[in-house]
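Chemist: fold the stuff below for me.
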Amino acid sequence: MLCSAFILSLSAARWLAGPNTVAGAAPAPSDGSQCKTCHAYEVNGFARSRMAQSMRIGGQEPAGVVHTPGATITMHSGKDGSWQTLATEGGTTDYHVDYVIGSGTHASGYIIDLGDHLFQSPVAYYRSRGAYDLAPGYEGIRDPDFTRPIGEGCVFCHAGSFDAVADTENRFGHTPFPHLAIGCDRCHGPTASHLANPDAKNIVNPATLKPEARDSVCEQCHLKGVARVLNPGMRFTDFKAGQRLEDTFTTYHDQPPKGTEAAFRVISHAEQLALSVCKRSSGERLWCGTCHDPHNEPTDTVTYYRAKCLRCHAETTFAANHPPKTSDCIGCHMPRRDAADGGHTAFTDHRIQKLPVSPTAEEAVAIAPWREPPPELATRNLGIASIQVGLERRSGKQIVDGYRMLTEVQTKFPQDSEMYTTIGTALLAGRQYSEAVQAFELAVRFDAQSSPKEANLGSAYAALGDQAMAEQHLEKAMDLDPLNLSAAIQLIEIYHKNGEGKKATQLSERITSIVHPNRADGEKSQ
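Modeler: Numbering: from 1, shown residues only. You can find the predicted model right below:
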């Protein structure tokens, strides 16, 4: 059980009438066309890379079908693109596939645009199997739906740029992705100055950066960890190549018992590499760019990567007593493994083991930052991460530990809406409803236009038993974002409890008309 008293700091109280902080908009990246004049080899090579194919418009996708105990999803294409039809006891709904995420090397995921809000399809196409199956996270769900929101954190590593509407969970502008796939700026920083006056000094070359900034270029997308915590007032798009990731957000990873390893995950390349003898022996010299060239996608991977290995090992005993020079180094020392969170495919193990083994992953005893954030943010960020992970894993200890960290430092962050949101979430999980209301009130006060935060406050009032205040704040959440599904579901329930059946029916029908367009052959969802 959490501590029963939530500390309302004097600093926070003095700032109750303070201004709201508004984060900046996403940058406009280069698509490479302007770079090609001087860097044709690099631009052409990058165009063949997987990063350059990280997102695309939906087209003629493979046909297929996925069955679950409570639903059938059928994929089919026509002149107007690809469609996915969801059939349940409630009826059938056709969803147009608007965007495809992933290069398709391992799998392809699908994004649906409903009323300027982006949602994830519950199915993915797995290339190794040549078939569809449930997307990661949907396994075990009896009746998956197309209602999982796609937010900034979801598209940060797939889209070149995106127009996410601030203070909503998954609302985007009329053109959600001005630049579909990853572009030059993601690794080289803003290109405007360099295009105006080409000079090596006004463009980022990752290879020349200090190790932490250099590695951050790759880690922004290839180090997911178990939690990512934004610094106060930051958005993911505030990170620019040339900076440390920790200037924008901190990544936390599992810290298993000594002598064991954390679970093998899809986006854990940096964690795996750090475990290798090659990396540990080279210090900071070995990094992603040692073996990977984004401007040169190899056609003969065996020969290409063997040459990379021999740059270091040609003069060692390996060259004398190893298999023939035509052997596949990667196939032996970096075999593919099934990932704990990777769905139905396998991924390359970057631990570079002498004798590859797949140790049984031990349950993590704690989480730790990949690199320490600025000292003044260390406790704040770890506290938020601990609560996020604790809620996901249903670990009361991690939630309480995170809560205590945040209450220790809250006076240092009197206007930190995200910190108060996390505190409120922990209190709500601990059934400290009155204190949760106080925390969420502060979160809303310092981010007055946030629909999700108004919804949180409404939830806390509902849990407290104050249905009138719950209705007020949930309605405000819906005013700020007319397709906030979590708020809508709660508000429909509140309307019924408050004897306002007509309002409940009207809201339910409005949401259903958007989320289940052209629904047929069954009863509408309530």
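
Chemist: how about the helix or strand that contains Cys154, which residues are buried there?
Modeler: Using DSSP states H and E, Cys154 sits in helix 152-155. For helix 152-155, a neighbour-count test (16 or more other C-beta atoms under 10 Å) marks Glu152, Cys154, Val155 as buried. For the C-beta atoms, the positions are set from N, CA and C on the backbone; glycine is no exception.

Chemist: over to stretch 150-163?
Modeler: Here stretch 150-163 shows 150-152, 154-163 as buried, counting by 16+ other C-beta under 10 Å.

Chemist: thinking again about what came up before, C-terminal to the helix holding Cys154, what's the next element?
Modeler: Criterion used, DSSP H and E; the element after helix 152-155 is helix 185-188.

Chemist: could you say what helices and strands that next one packs with?
Modeler: On a contact count with 3 or more C-beta pairs under 8 Å, 6 or more residues apart in numbering; DSSP states H and E, helix 185-188 meets helix 211-222.

Chemist: buried set for the helix it packs on?
Modeler: Neighbour-count burial for helix 211-222 [16+ other C-beta under 10 Å]: Ala213, Arg214, Asp215, Ser216, Val217, Cys218, Glu219, Gln220, Cys221, His222.

Chemist: tell me which of those is nearest to Ile330?
Modeler: Using C-beta to C-beta, His222 is the member of these that lies nearest Ile330, at 17.0 Å.

Chemist: what's the spacing between the closest one and Gly130?
Modeler: 26 Å (C-beta to C-beta, to the nearest Å).

Chemist: where does the prediction get shaky in the stretch 201-350 of the chain?
Modeler: For the stretch 201-350 of the chain, the stretches with pLDDT under 70 are 259-260, 316-320, 341-346.

Chemist: mind listing the helices in it by residue range?
Modeler: Along the stretch 201-350 of the chain, counting by DSSP state H, counting those that start in this stretch, helices occupy 211-222, 269-275, 277-282, 288-291, 301-313, 317-321, 329-333.

Chemist: those helices: which one's closest to Cys35?
Modeler: Closest among the helices of the stretch 201-350 of the chain, using C-beta to C-beta: helix 211-222, at 16.8 Å.

Chemist: now the buried residues of stretch 150-163 as a markdown table including distance to Cys309?
Modeler: Below are the buried residues of stretch 150-163 laid out as a markdown table (distance: C-beta to C-beta, whole Å):
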| residue | distance to Cys309 |
| --- | --- |
| Ile150 | 39 |
| Gly151 | 39 |
| Glu152 | 38 |
| Cys154 | 35 |
| Val155 | 35 |
| Phe156 | 32 |
| Cys157 | 28 |
| His158 | 30 |
| Ala159 | 34 |
| Gly160 | 32 |
| Ser161 | 36 |
| Phe162 | 38 |
| Asp163 | 43 |
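
Chemist: show me which of these is closest to Arg351.
Modeler: Cys157 (22.0 Å).

Chemist: quick check: that closest one touching Ser54?
Modeler: Yes. Assessed by C-beta atoms under 8 Å, Cys157 is found in contact with Ser54 at 7.4 Å.

Chemist: now do the shared contacts for these two.
Modeler: Ile182 (C-beta atoms under 8 Å, 6 or more residues apart in numbering).

Chemist: only alpha carbons, please: show stretch 243-255 as CSV.
Modeler: Output in CSV follows, covering the C-alpha atoms of stretch 243-255 (Å, rounded to 0.1, in the frame of the first residue of the first chain):
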residue,chain,number,x,y,z
GLN,A,243,23.5,15.6,-28.6
ARG,A,244,23.4,13.0,-25.8
LEU,A,245,20.1,11.2,-25.7
GLU,A,246,19.9,12.1,-22.0
ASP,A,247,19.6,15.8,-23.0
THR,A,248,16.1,14.8,-24.1
PHE,A,249,15.1,11.5,-22.4
THR,A,250,16.6,8.7,-20.4
THR,A,251,16.3,5.1,-21.3
TYR,A,252,16.0,2.5,-18.5
HIS,A,253,16.9,-1.1,-18.9
ASP,A,254,16.5,-4.2,-16.7
GLN,A,255,19.2,-5.0,-14.2
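
Chemist: what comes up buried for it?
Modeler: Neighbour-count burial for stretch 243-255 [16+ other C-beta under 10 Å]: Gln243, Arg244, Leu245, Glu246, Asp247, Thr248, Phe249, Thr250, Thr251, Tyr252, His253, Asp254.

Chemist: pLDDT weak spots in the protein?
Modeler: 1-31, 259-260, 316-320, 341-346, 358-364, 518-526.

Chemist: and which of the buried residues of stretch 243-255 is nearest to Ala488?
Modeler: Phe249 (29.6 Å).
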